[in-house]
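Trainee: Sequence plus the predicted model coming up.
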Amino acid sequence: MLTFRIGIGLLLLEAVMLIAAILLEPSLGLKLSSMLGANHLGGRMAFIAMGLEHRISPLAVIFIVVLHNTMYVLVVYSLFRRLSSGLQKTGFARRLIRGFERRARRQKRRWGNWSRLVLFGFVWIPLPWTGAAIGSYIAHLLGYTVRETLLTVLQAMWFGVIAWTVWFDELYSYLHRFGEGKTLLLTTSLIVLPALYYLIDGIRQRFRDRKRGAPYQLK
């Protein structure tokens with residue numbers, strides 16, 4: 001699958017860049033690692049905020065976030081399509097896909113028939129469960145072609161990263177006028193609050209599944 005190969009290629013490129021940064025400039029490597037960690041805990045906003053917190057230039061932040069999220073979308077979307085075509089779901093992959101399926105179907109029921117414009121806005125807004133990976137799977141559930149899905153989802157993610165990085169750069173510049181460290185609370189909140197939201201929602205969903213008698217145990 002071409003999209004999966006491109007995604008893996010971007011992943012290898014990102015890995016080489018990160019390893020080079022760690023070896024040549026350890027402080028930069030740590031900053032990049034913390035950005036990636038913030039992304040997978042808090043999402044795009046935390047990703048961007050952590051980069052700006054480290055005083056990385058907005059253009060560099062945009063490049064890093066776009067590269068990583070494009071890779072992530074291509075790999076995850078490809079796995080969605082393969083798994084939904086009958087590939088055996090086991091272990092971590094099974095839990096990951098079930099989680100995305102649950103979120104995607106919830107959004108599908110909430111909004112009904114999506115137009116591409118609404119899907120674009122859904123991905124552009126950097127809130128919990130409105131990312132490009134979820135957007136791509138919603139598009140898959142609605143019968144969008146690969147081309148339609150990626151054109152809509154990737155463009156929305158790219159424009160969103162640019163817009164929110166520029167806006168956050170202005171916000172952080174304003175906050176820095178009041179002294180160093182004023183942005184740290186905001187950055188920490190963007191990492192911690194979404195992670196708590198995911199955790200609480202996961203616990204609540206598991207409780208609902210058990211209450212309804214749904215088979216949630218994974219083997």
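Mentor: Here it is on my side, so go on.
Trainee: Tell me the buried residues in the longest helix along the chain?
Mentor: Identified as the longest helix of the chain according to DSSP state H is helix 146-176. Residues of helix 146-176 classed as buried: 146, 149-150, 152-154, 156-158, 160-161, 164-165, 168-169, 172, 175 (neighbour count, 16 or more other CB atoms under 10 Å). No exception for glycine: its C-beta is placed from N, CA and C like everyone else's.
Trainee: Same check on stretch 188-196?
Mentor: Using 16+ other CB under 10 Å as the test for burial, stretch 188-196 gives Thr188, Leu190, Ile191, Pro194, Ala195.
Trainee: Next, the contact list for the second one, please.
Mentor: Read that as Leu190. Going by CB atoms under 8 Å, 6 or more residues apart in numbering, Leu190 touches Ala38, Gly42, Met45, Ala46, Ala49.
Trainee: same deal with the third one?
Mentor: Remark: with contacts taken as CB under 8 Å, 6+ apart, Ile191 is in contact with Ala38, Leu41, Gly42, Ala46, Ala49, Met50.
Trainee: low pLDDT regions in the protein?
Mentor: Residue ranges of the chain with pLDDT under 70: 84-115, 128-129, 179-180, 209, 211-219.
Trainee: Mind doing that once more with 90?
Mentor: Within the chain, the ranges that satisfy pLDDT under 90 run 1-2, 38-46, 76-123, 125-146, 148, 171-219.
Trainee: how about the helices of this protein, start to end?
Mentor: Going by DSSP H, the chain shows helices at 2-24, 26-42, 44-53, 58-84, 91-111, 116-124, 132-141, 146-176, 184-212.
Trainee: Tell me which two in the contacts of Ile191 are the farthest apart.
Mentor: Greatest spatial distance in these: Leu41 and Ala49, 11.6 Å, computed using CB to CB.
Trainee: ok, back up a step: now the two most distant members of the contacts of Leu190.
Mentor: Most distant of these, by CB to CB, are Ala38 and Met45, 9.2 Å apart.
Trainee: Quick check, Ile22 in contact with Gly29.
Mentor: Yes: counting by CB atoms under 8 Å, Gly29 is a contact partner of Ile22 at 3.2 Å.
Trainee: Closest to Met71 out of the contacts of Ile191?
Mentor: Of all these, Met71 sits closest to Ala38, with 16.6 Å by CB to CB.
Trainee: give me the number of residues near the closest one?
Mentor: Using other CB atoms under 10 Å, the number of residues around Ala38 comes to 25.
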